[in-house]
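J.: Let's see this in three dimensions:
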Amino acid sequence: MRNFRSALLVLTFLLVAHSGILSAQVFGEEACVITLEGQNRNRTVAGAINVECGPFSISPEIHSAPFGNWGVSSNYSSRVQDTDQFRGWKHEDGPLTKRQWNSCTTAKIKFKAPNCEYYSPPDCTTQSSAAVVTHGRMSYRTAVTECLDPLFFIFTGPPATPGCSQATGPVSQTNNYMTLYELDWPDKDDLVETLYFPATSVDFTGCGYDGCPEQTSDWVKMSSSTSSTAKVEAELRIKASAQVQGYCDWYW
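T.: Residues are numbered from 1 along each chain as shown. Here you go, the predicted structure:
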């Protein structure tokens, strides 16, 4: 008798839930997360750039002219990092991928070109670095699905979620820019200039529930800059991917 009453109570609860009298409970979310990276290559530095010339504001050990590492604030991320966002050619300290630029090109005679100690070979009159590096990364969510209590689908079965299967089509960035800083922790960073680039776009193809294969755009050349004395150039592209995050655990 007790087992019959228990089964009857469970059946009654399920019927009430299915009729909509009970409110649905949300216990999580599932979304397709689009990740975009701004990448640059073929960097060249020339002209008058005098942001690391001394005299030393703190000590020679902290700010040693003329070399400095450059960071980037961009439409992909405003975070300026002491890594290789705008990789130079001269290794001074830290990991081998951290390469710096002569950042005092005209203010002091000993740092002027031609000089193979302060300008990259073979011509030793300009500075250049070709490697592909990432200067910023951003993500946003699409196809967001609320995960509801599976008891509400006991008779009909849970609805299918799109995941990333609908993330086909173009992904674009129309306002590409890189603002360059010579990094001077613990005091303030020095602005070099801002570079502007044309729009970039990729088309997602082959997307499934779990995500979309990584895609990269064509490289675009710089269209303008904010300085008339610094001659800094680079090429830019966008790299995009998609991956489902979260999980509506309806299928027990």
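J.: From residue 35, how far off is residue 84?
T.: Residue 84 sits 19 Å away from residue 35, going by Cβ to Cβ, to the nearest Å. The C-beta positions use only the backbone N, C-alpha and C, and glycine is treated the same way.
J.: Between those two, which has more neighbouring residues?
T.: Taking neighbours as other Cβ atoms under 10 Å, residue 84 and residue 35 compare with residue 84 leading, 23 against 15.
J.: name the element that one belongs to?
T.: Using DSSP states H and E, residue 84 sits within no helix or strand.
J.: ok, it - contacts?
T.: 97, 98, 99, 133 (Cβ atoms under 8 Å, 6 or more residues apart in numbering).
J.: Just put those residues in JSON lines and tack on distance to residue 160.
T.: Below are the contacts of residue 84 laid out as JSON lines (distance: Cβ to Cβ, whole Å):
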{"residue": "97", "distance to residue 160": "44"}
{"residue": "98", "distance to residue 160": "47"}
{"residue": "99", "distance to residue 160": "49"}
{"residue": "133", "distance to residue 160": "40"}
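J.: Show me which residues of stretch 218-237 are buried.
T.: 219, 222, 225, 227, 230, 231, 232, 234, 235, 236, 237 (16 or more other Cβ atoms under 10 Å).
J.: Show me what the third one bridges to in the sheet.
T.: Beta-bridge pairing of residue 225 under DSSP bridges involves residue 195.
J.: And the pLDDT for it?
T.: Per-residue pLDDT puts residue 225 at 97.
J.: so what's residue 172 closest to, chain neighbours aside?
T.: Distance criterion Cβ to Cβ, 6 or more residues apart in numbering; nearest residue to residue 172, sequence neighbours excluded, is residue 201 at 4.1 Å.
J.: any idea which element the one you found lies in?
T.: strand 200-204.
J.: which strands and helices sit next to that strand?
T.: strand 169-173, strand 211-216, strand 230-246 (3 or more Cβ pairs under 8 Å, 6 or more residues apart in numbering; DSSP states H and E).
J.: mind listing what it pairs with, with the direction of each?
T.: Using DSSP bridges, the strands paired with strand 200-204 are strand 169-173 (antiparallel).
J.: Next secondary structure after the strand it pairs with?
T.: Heading C-terminal from strand 169-173 (DSSP H and E), you reach strand 176-182.
J.: Show me where the stretch 1-150 of the chain has its helices.
T.: 2-19 (DSSP state H, counting those that start in this stretch).
J.: low-scoring stretches of it, by residue?
T.: 1-27, 55-63, 150 (pLDDT under 70).
J.: Apply 90 and report the result again.
T.: 1-31, 54-64, 92-98, 141-150 (pLDDT under 90).
J.: returning to that earlier point: buried only: go through the contacts of residue 84 for me.
T.: 99, 133.
J.: The contacts of residue 84 in strands, which ones?
T.: Among those, the members falling in strands (DSSP state E) are residue 133.
J.: and the two most separated of the contacts of residue 84?
T.: Across the contacts of residue 84, the longest distance by Cβ to Cβ is 10.7 Å; it joins 98 and 133.
J.: where do the contact lists of the two overlap?
T.: Applying Cβ under 8 Å, 6+ apart, one finds that residue 98 and residue 133 are jointly contacted by 84, 87.
J.: What segments of the stretch 1-150 of the chain are strands?
T.: Assigned by DSSP state E, counting those that start in this stretch, the strands in the stretch 1-150 of the chain fall at 26-47, 67-68, 70-74, 101-102, 127-129, 133-148.
J.: which one among the contacts of residue 84 gets closest to residue 121?
T.: Looking across the contacts of residue 84 and measuring by Cβ to Cβ, the closest to residue 121 is residue 99, at 13.7 Å.
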